[in-house]
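In: starting from these lines, generate the structure:
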Amino acid sequence: MALNRDIKYLNKNFDDFRSQLINYTKTYFPTTYTDFTPASPGVMFMEHASYIGDILSFYLDNNIQENFLQYARQDNNLFELAYMFNYKPKTTGLANVDIDFYQLLPAKLVSGVTVPDYDYALFVEANTKITSTTSIPFIIEDSIDFSISSSLDPTTVNISQISAGEPTYYLLKKTRKATTGTINSTTFTFGDYEEYPTVEISANNIAQIIDIVDSDGNIWYEVGHLAEELVYDGIKNTNINDPNNYQNSNDTPYILKTKQVQRRFTTRFLDRGTLQLQFGSGISSDNDEEVIPNPNNVGLGLPFEKDKLTTAYSPVNFIFTNTYGIAPSNITLTVRYLTGGGVSSNVQANSLTNIDTSTIKFKNFSLNSVTAQYIFDSIASNNVNAASGGKDGDSIEEIRQNSISNFNTQLRNVTQSDYLIRSLSMPPKYGVVSKAFAQKPLTHDSTATLDIFVLTYDSNKNLVTASSTLKNNLKTYLNQHRMIGDSLDIKDAYVINIGIDFDLIVLPDFNNSEVLLDCISRLQTYFSIDKWQINQPIILKDIYVILDRVKGVQTVKDIRISNKSGTISGYSQYAYDIKGATQDNVIFPSLDPSIFEIKYLNNDIKGKIVSI
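Out: Below is the predicted model of the structure:
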């Protein structure tokens with residue numbers, strides 16, 4: 001008959017397992033084994049068992065921890081959990097900038113009047129690459145036709161050269177929006193039919209899928225999830241595409257259409273360097289067509305389609321189907337995707353000057369070869385403003401916090417926090433907002449119901465005001481998710497640059513220089529701009545505590561915060577009264593949303609050792 005054993009289940013580590021095994025042996029086998037010296041064979045086997053138990057306990061705890069978004073640490077688990085909360089992590093952020101393009105144009109006489117000869121106008125294809133002086137590539141989204149000028153795409157014409165009082169050459173200028181990145185292409189061949197096939201793209205800094213075209217010439221569309229059957233398709237607002245709306249083309253360059261698509265796919269990052277593409281499960285001969293939602297087709301396919309009072313409809317999935325799109329079979333897909341971005345892509349002004357001329361040509365081929373070559377060589381580019389919006393991928397903590405907040409919003413912006421998270425979640429191809437703050441307008445004469453203040457990073461990861469292009473992109477993006485009664489105003493937040501000086505008393509027998517360097521390092525970590533938000537106050541008590549905890553510090557005698565301003569020295573143009581803003585050892589930001597920043601962490605944090 002087996003004896004009841006008193007077994008403990010609270011042991012978690014090596015020492016606990018070892019101690020319990022020894023006690024167990026002494027209790028139930030008092031005469032069988034009595035040698036418990038560290039070198040005995042019995043203790044060796046008990047320590048082997050303790051070693052295995054410790055390892056198993058560690059991995060069990062780790063596996064449980066990785067199942068919770070609040071505690072997970074591994075990238076692949078965080079990415080999976082983020083998608084469960086309907087948040088798509090960003091592995092990179094693309095910088096945006098407006099680039100001016102120039103070309104010379106010879107003059108000609110028309111009815112005795114000197115005019116530009118547009119036969120020599122150049123055509124620059126879409127996706128033309130422009131490289132900065134630091135070898136950062138940018139591409140333009142739209143083509144450039146110097147022979148055409150309109151209210152949507154104006155051409156600036158100036159006289160470049162004069163001879164005998166008459167112009168001989170003109171200088172044309174057009175402006176295009178450019179995005180950092182490199183276009184890459186890969187192909188995937190699919191064989192026999194398979195449900196929900198997946199393929200993977202492995203590369204660093206994948207920003208987005210540009211397009212997918214199969215070997216039959218069909219376009220595949222990216223959707224948020226495979227149940228989405230309707231996509232928004234924009235077409236140029238031209239007289240040919242829509243004669244009725246062409247008269248409104250000045251403020252509506254694109255016409256938005258709703259299109260039902262069977263060929264669709266969804267994407268998700270498995271980790272920071274692997275993007276997975278998943279397709280549907282259906283085999284369908286349905287043709288893509290434009291669908292206008294109406295009472296006859298909303299809910300089509302539901303088993304309870306006649307009882308629609310309790311159905312929750314999504315504005316992007318009116319037509320419910322069971323196929324979740326077509327699965328590609330016996331076909332080859334060509335995938336173009338964009339890589340690049342990051343903080344380093346926020347290039348300085350006047351640096352995008354190297355054009356890839358392989359995609360530039362004349363529209364007219366009956367030209368004088370010498371003049372044509374001279375004109376072709378005159379093409380030039382420049383960015384008047386620095387690029388902005390580039391950002392490194394989401395950190396572990398950013399993925400965690402953005403996922404939790406995104407889940408609560410249910411894709412709607414209801415509270416100020418919803419708008420804040422949505423601003424930080426804008427797709428990177430439109431630029432990246434680094435800091436954001438939302439509040440109700442402080443003035444009664446404002447027409448907006450909510451003001452959103454934003455800032456972005458430059459190439460050195462210093463805060464700068466966002467370009468008008470980025471702010472326009474943000475407003476357009478937020479309009480898709482705002483409540484019907486909300487109106488938004490995107491504004492610039494203010495940057496207050498500061499410096500820190502502190503005095504220390506060091507304990508005896510400690511090296512003064514080492515203690516001082518350790519204190520400076522701790523403050524550099526504390527004031528890292530990633531950890532600061534708009535309208536966050538500086539609590540001096542926290543700084544005292546940080547320095548007091550440094551090994552070797554006896555007393556922190558004094559901490560002084562000073563304002564650094566002046567564009568000549570590279571700081572913000574805005575001065576701030578630090579002393580007047582300090583109350584009860586707390587330095588408050590201004591009434592207008594602002595953020596404290598130590599711009600030069602290596603120079604603006606200074607300390608010295610003083611005597612008692």
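
In: now Ser417. Nearest residue, chain neighbours left out?
Out: Ser405 (6.6 Å; Cβ to Cβ, 6 or more residues apart in numbering). (Glycine included, C-beta is placed from N, CA and C.)

In: in PDB, could you pull the C-alpha coordinates for the helix or strand encompassing the one you found?
Out: Assigned by DSSP states H and E, Ser405 belongs to helix 396-409. The C-alpha trace of helix 396-409 is given here as PDB (Å, rounded to 0.1, in the frame of the first residue of the first chain):
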ATOM      1  CA  ILE A 396       8.200  47.700 -27.200                       C
ATOM      2  CA  GLU A 397       6.500  50.100 -24.900                       C
ATOM      3  CA  GLU A 398       4.900  52.000 -27.800                       C
ATOM      4  CA  ILE A 399       3.500  48.800 -29.200                       C
ATOM      5  CA  ARG A 400       2.100  47.900 -25.800                       C
ATOM      6  CA  GLN A 401       0.500  51.300 -25.100                       C
ATOM      7  CA  ASN A 402      -0.900  52.000 -28.600                       C
ATOM      8  CA  SER A 403      -2.400  48.500 -28.800                       C
ATOM      9  CA  ILE A 404      -4.300  48.900 -25.500                       C
ATOM     10  CA  SER A 405      -5.600  52.300 -26.400                       C
ATOM     11  CA  ASN A 406      -6.500  51.300 -29.900                       C
ATOM     12  CA  PHE A 407      -8.700  48.500 -28.700                       C
ATOM     13  CA  ASN A 408     -10.800  50.800 -26.600                       C
ATOM     14  CA  THR A 409     -11.500  53.200 -29.500                       C
END
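
In: per-residue confidence averaged over it?
Out: In this model, helix 396-409 carries a mean pLDDT of 78.

In: for it, name the packing helices and strands.
Out: helix 75-84, helix 416-424 (3 or more Cβ pairs under 8 Å, 6 or more residues apart in numbering; DSSP states H and E).

In: which parts of the stretch 451-600 of the chain are helices?
Out: 468-479, 512-526, 540-548 (DSSP state H, counting those that start in this stretch).

In: any chance of those in JSON lines, plus mean neighbour count, mean pLDDT and distance to Met46?
Out: Shown next, in JSON lines, are these (neighbours: other Cβ atoms under 10 Å; pLDDT from 0 to 100; distance: least, Cβ to Cβ, whole Å):
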{"stretch": "helix 468-479", "mean neighbour count": "17", "mean pLDDT": "80", "distance to Met46": "63"}
{"stretch": "helix 512-526", "mean neighbour count": "16", "mean pLDDT": "93", "distance to Met46": "43"}
{"stretch": "helix 540-548", "mean neighbour count": "15", "mean pLDDT": "94", "distance to Met46": "45"}
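
In: mind putting the ones you listed in TSV, distance to Asp271 included?
Out: Converted to TSV, the helices of the stretch 451-600 of the chain look like this (distance: least, Cβ to Cβ, whole Å):
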stretch	distance to Asp271
helix 468-479	26
helix 512-526	26
helix 540-548	34
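
In: right, and the residue nearest to Ser417 touches Ile421 too?
Out: Yes: counting by Cβ atoms under 8 Å, Ser405 does reach Ile421; the two are 4.3 Å apart.

In: between those two, who's got more neighbours?
Out: Ile421 (21 against 18; other Cβ atoms under 10 Å).

In: is it true that that one touches Asn402?
Out: Yes: counting by Cβ under 8 Å, Ile421 does reach Asn402; the two are 6.2 Å apart.

In: which residues of the stretch 251-400 of the chain score low on pLDDT?
Out: For the stretch 251-400 of the chain, the stretches with pLDDT under 70 are 251-258, 284-323.

In: please, where are all the helices along it?
Out: Under DSSP H, counting those that start in this stretch, the stretch 251-400 of the chain gives helices at 369-377, 396-409.

In: circling back: where's the residue nearest to Ser417 relative to Gln416, distance?
Out: 12 Å (Cβ to Cβ, to the nearest Å).

In: what lies in contact with the helix holding Ser405?
Out: Contacts with helix 396-409, where a contact means Cβ atoms under 8 Å, 6 or more residues apart in numbering, come from 69-70, 72-73, 75, 78-79, 81-82, 85-87, 89, 394, 417-418, 421-422, 424-425.

In: rerun that using 6 Å as the cut-off
Out: 69, 78, 82, 85-87, 89, 418, 421 (Cβ atoms under 6 Å, 6 or more residues apart in numbering).

In: cool, and stretch 509-525?
Out: So stretch 509-525 is contacted by 506, 546-547, 550, 552, 601, 605, 607, 609 (Cβ under 6 Å, 6+ apart).

In: buried members of the residues you listed into PyMOL, please.
Out: Burial among these is assessed by 16 or more other Cβ atoms under 10 Å; the matching PyMOL selection reads:
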select buried, resi 506+546+547+550+552+601+605+607
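
In: which elements pack onto the helix ranked longest in the chain?
Out: When the chain is parsed with DSSP state H, its longest helix is helix 41-65. If contacts are counted by 3 or more Cβ pairs under 6 Å, 6 or more residues apart in numbering; DSSP states H and E, helix 41-65 sits against helix 14-28.

In: and the strands in the stretch 451-600 of the chain, which stretches?
Out: 463-464, 488-492, 494-506, 538-539, 553-564, 582-583, 586-587, 594-597 (DSSP state E, counting those that start in this stretch).

In: quick one: the ones you listed as TSV, columns for distance to Arg272 too.
Out: Listed next are the strands of the stretch 451-600 of the chain as TSV, based on distance: least, Cβ to Cβ, whole Å:
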stretch	distance to Arg272
strand 463-464	25
strand 488-492	30
strand 494-506	30
strand 538-539	33
strand 553-564	35
strand 582-583	42
strand 586-587	37
strand 594-597	27
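
In: I'd like these laid out as CSV, including mean pLDDT and distance to Lys108.
Out: Listed next are the strands of the stretch 451-600 of the chain as CSV, based on pLDDT from 0 to 100; distance: least, Cβ to Cβ, whole Å:
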stretch, mean pLDDT, distance to Lys108
strand 463-464, 89, 45
strand 488-492, 89, 46
strand 494-506, 94, 51
strand 538-539, 94, 66
strand 553-564, 93, 57
strand 582-583, 92, 69
strand 586-587, 94, 66
strand 594-597, 94, 55
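
In: wait, which of those is closest to Gly389?
Out: strand 463-464 (10.3 Å; Cβ to Cβ).

In: quick one: the closest one to chain centroid distance?
Out: 16 Å (Cα atoms, centre = their mean, to the nearest Å).

In: please apply the same query to stretch 56-69.
Out: Taking mean C-alpha positions (Cα atoms, centre = their mean), stretch 56-69 and its chain are 30 Å apart.

In: go on, stretch 55-75?
Out: 27 Å.

In: follow-up on the earlier one: and the contacts of stretch 509-525, which two are the farthest apart?
Out: Val506 and Leu601 (22.4 Å).

In: weakest of the helices and strands packed on helix 396-409 by average pLDDT?
Out: Here the helices and strands packed on helix 396-409 differ in mean pLDDT, and the lowest is helix 416-424 at a mean of 80.

In: helices or strands up against it?
Out: Helix 416-424 packs on strand 435-439, going by 3+ Cβ pairs under 6 Å, 6+ apart.

In: adjacent strands (with direction) for the strand it packs on?
Out: Strand pairing for strand 435-439, determined by DSSP bridges: strand 450-457 (antiparallel).

In: so for the strand it pairs with, mean pLDDT?
Out: 89.

In: just want the angle from it to helix 468-479.
Out: With axes from the mean of the first three to the mean of the last three Cα atoms, to 10 degrees defining the directions, strand 450-457 sits at 130 degrees from helix 468-479.

In: keeping just the C-alphas, turn strand 450-457 into PDB.
Out: The C-alpha trace of strand 450-457 is given here as PDB (Å, rounded to 0.1, in the frame of the first residue of the first chain):
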ATOM      1  CA  LEU A 450     -10.800  70.200 -31.000                       C
ATOM      2  CA  ASP A 451      -7.300  71.400 -31.400                       C
ATOM      3  CA  ILE A 452      -4.500  68.900 -32.000                       C
ATOM      4  CA  PHE A 453      -0.900  70.100 -31.500                       C
ATOM      5  CA  VAL A 454       1.800  68.100 -33.100                       C
ATOM      6  CA  LEU A 455       5.600  68.000 -33.500                       C
ATOM      7  CA  THR A 456       8.000  65.700 -35.400                       C
ATOM      8  CA  TYR A 457      11.700  64.800 -35.400                       C
END
